[in-house]
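>>> Below is the sequence, then the predicted model.
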Amino acid sequence: MGKVQCPRCAGELDSAARFCARCGFSVATEGAVVATAMMPPLREAGDVLPLEYQQGDRPLVSRFRWVVLTLVFLAITINYVDRLVMSILSGDLQKLYHISDVEYGYINGAFALAYASGQLVSGAWLDRVGTRIGYTVSLLAWSLASMFHAVARGPWGFGIMRGFLGISESPAYPAATKTLAEWFPKRERALAMGFVNAGSNVGAVLAPLLVPWLALNFGWQWAFIGTGAAGLFWLILWIPLYRKPHEHPR
């Protein structure tokens, strides 16, 4: 009967009995423990990107993650500017198109309902198509929806446009979260998410400065068109620059 070396004491292990007479090692009871102990050490969790990568293939942290963080920050900033245009212009638009307070409430409700409904499914959709395509489609759609507010006339028109804006903006935060998980190690994710969340406050500061200036100088339609166009410029950066870490040349 052939003999093999015992993994514990280097003595002879009977290949049939799978038992070492010298140290008492038994493959049946201790083999899994020894096999685990002989595995190569894992890399520190803070030095790798764990999402969707198998052990051994996970890329190390890259400095390019700060470029990705800046892009996501700008996307959230644009997101909040676009959604605030209507509220900033609401007084003038209500007078111009004879929109009552109740009707304006319905207009806001259309956005809120569409946004909430979209978030129920946008996460699963992003898991299917990925962040690069998902963010591209979402931001393109909400930019166009914002710009098309310029053709609305009356409560029905604005309500429909707000609904389109709400559902197209709904993937923004799920996409931001997934993007950061792809590029940032666990120890930096709270930092990255805090930075991205600050984009909403920056948008809330920029909108009251930018929207009235556009409306006064070019007309209320251009307040929607100008802010919506900002997202199209963002896409010029996002599409060529963004890849998953293991696909990215940097």
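Okay, I see it. Not measured: the values here are computed from a predicted model.

>>> mind checking which helix or strand of the protein has the lowest mean pLDDT?
The weakest-scoring helix or strand in the chain, judged by mean pLDDT, DSSP states H and E, is helix 27-37 (a mean of 46).

>>> And the helix or strand just after it, what does it pack against?
Moving toward the C-terminus from helix 27-37, the next helix or strand (DSSP states H and E) is helix 65-97. Helix 65-97 sits against helix 101-129, helix 131-147, helix 154-169, helix 172-183, helix 189-218, helix 220-241, with contacts defined as 3 or more Cβ pairs under 8 Å, 6 or more residues apart in numbering; DSSP states H and E. In this view, the C-beta of every residue, glycine as well, is placed from N, C-alpha and C.

>>> ok, now with 6 Å
Applying 3 or more Cβ pairs under 6 Å, 6 or more residues apart in numbering; DSSP states H and E, one finds that helix 65-97 makes contact with helix 172-183, helix 189-218, helix 220-241.

>>> Of all these, which one is nearest residue 84?
Residue 84 lies closest, by Cβ to Cβ, to one member of those: helix 189-218, at 4.0 Å.

>>> Let me see the domain layout of this structure.
What automatic domain parsing lists as the domains of the chain is 3-39, 65-247.

>>> could you dump those to JSON lines with mean neighbour count?
JSON lines is the format used below for the domains of the chain (neighbours: other Cβ atoms under 10 Å):
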{"stretch": "domain 3-39", "mean neighbour count": "13"}
{"stretch": "domain 65-247", "mean neighbour count": "18"}
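
>>> where among those is the average confidence lowest?
Ranked by mean pLDDT, these bottom out at domain 3-39, with a mean of 56.

>>> Quick one: distance of stretch 82-94 to the chain centre.
The chain centre lies 27 Å from the centre of stretch 82-94; the measure is Cα atoms, centre = their mean, to the nearest Å.

>>> Run through who's touching it.
104, 146, 207, 211, 220, 223-224, 227 (Cβ atoms under 6 Å, 6 or more residues apart in numbering).

>>> cutoff 7 Å now
Contacts with stretch 82-94, where a contact means Cβ atoms under 7 Å, 6 or more residues apart in numbering, come from 99, 104, 142, 146, 149, 162, 165, 169, 203-204, 207-208, 211-212, 215, 220, 223-224, 227-228.

>>> Output it as PDB, restricted to C-alpha atoms.
Taking C-alpha atoms only, stretch 82-94 is exported to PDB below (Å, rounded to 0.1, in the frame of the first residue of the first chain):
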ATOM      1  CA  ASP A  82     -32.300  70.300 -11.600                       C
ATOM      2  CA  ARG A  83     -35.000  69.300  -9.100                       C
ATOM      3  CA  LEU A  84     -35.000  72.800  -7.400                       C
ATOM      4  CA  VAL A  85     -35.600  74.900 -10.500                       C
ATOM      5  CA  MET A  86     -39.400  74.400 -10.400                       C
ATOM      6  CA  SER A  87     -39.700  75.400  -6.700                       C
ATOM      7  CA  ILE A  88     -37.600  78.600  -7.300                       C
ATOM      8  CA  LEU A  89     -39.700  79.700 -10.300                       C
ATOM      9  CA  SER A  90     -43.000  78.400  -8.800                       C
ATOM     10  CA  GLY A  91     -44.300  81.900  -7.800                       C
ATOM     11  CA  ASP A  92     -43.900  83.400 -11.300                       C
ATOM     12  CA  LEU A  93     -45.100  80.200 -13.100                       C
ATOM     13  CA  GLN A  94     -48.200  80.000 -10.900                       C
END
